[in-house]
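A.B. asks: For reference, the sequence and a predicted model appear below.
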Amino acid sequence: MGFSKTDKEKLKILGKRLKTIRNEKGLTLKELGYKTDKEPQSISRVEMGDINPTYLYLLVICEGLEINISELLNEK
C-alpha cells in the first residue's frame, strides 16, 4: 500500500517535528529508543516520514520525550 503525495508530505512534516523536538531535548535516537523501548532505526524511519506510526506508537514516543501528543501534532 502506497501513500498519496499529500500523505507523504504529512508524514514528512510529522517526522520533522518529531526530530526537532528530540533535538531540542538533547536526545539521540539511541537515547530515545532506550527510554521508549523502541528501535532507533524505527524512530528514524518515522522522522524521515517513511512510515505511518500508530497512535499508540506516538504516545510512547511522546512519553519518552516528556511531552503531550498535542505538542507533537501542533504545526507551528
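C.D. replies: Looks like it came in fine.

A.B. asks: Which residue is the nearest non-sequential neighbour of residue 21?
C.D. replies: Setting aside the residues directly before and after it, residue 21 is nearest to residue 65 in space (Cβ to Cβ, 6 or more residues apart in numbering), at 5.7 Å. From N, CA and C alone the C-beta is placed, and that goes for glycine too.

A.B. asks: Return the residues in contact with residue 47.
C.D. replies: Residue 47 makes contact with 15, 16, 18, 19, 22, 29 under the criterion Cβ atoms under 8 Å, 6 or more residues apart in numbering.

A.B. asks: nope, residue 49 is what I was after
C.D. replies: By Cβ under 8 Å, 6+ apart, the residues touching residue 49 are 8, 11, 12, 13, 14, 15, 16.

A.B. asks: which one of the contacts of residue 47 has the most neighbours?
C.D. replies: For the contacts of residue 47, the largest neighbour count, defined by other Cβ atoms under 10 Å, is 22 neighbours, found at residue 18.

A.B. asks: Residue 25 and residue 2: what is the separation?
C.D. replies: With distances taken as Cβ to Cβ, to the nearest Å, residue 25 is found 32 Å from residue 2.

A.B. asks: next one: residue 24
C.D. replies: Counting by Cβ to Cβ, the gap from residue 24 to residue 2 is 32 Å.
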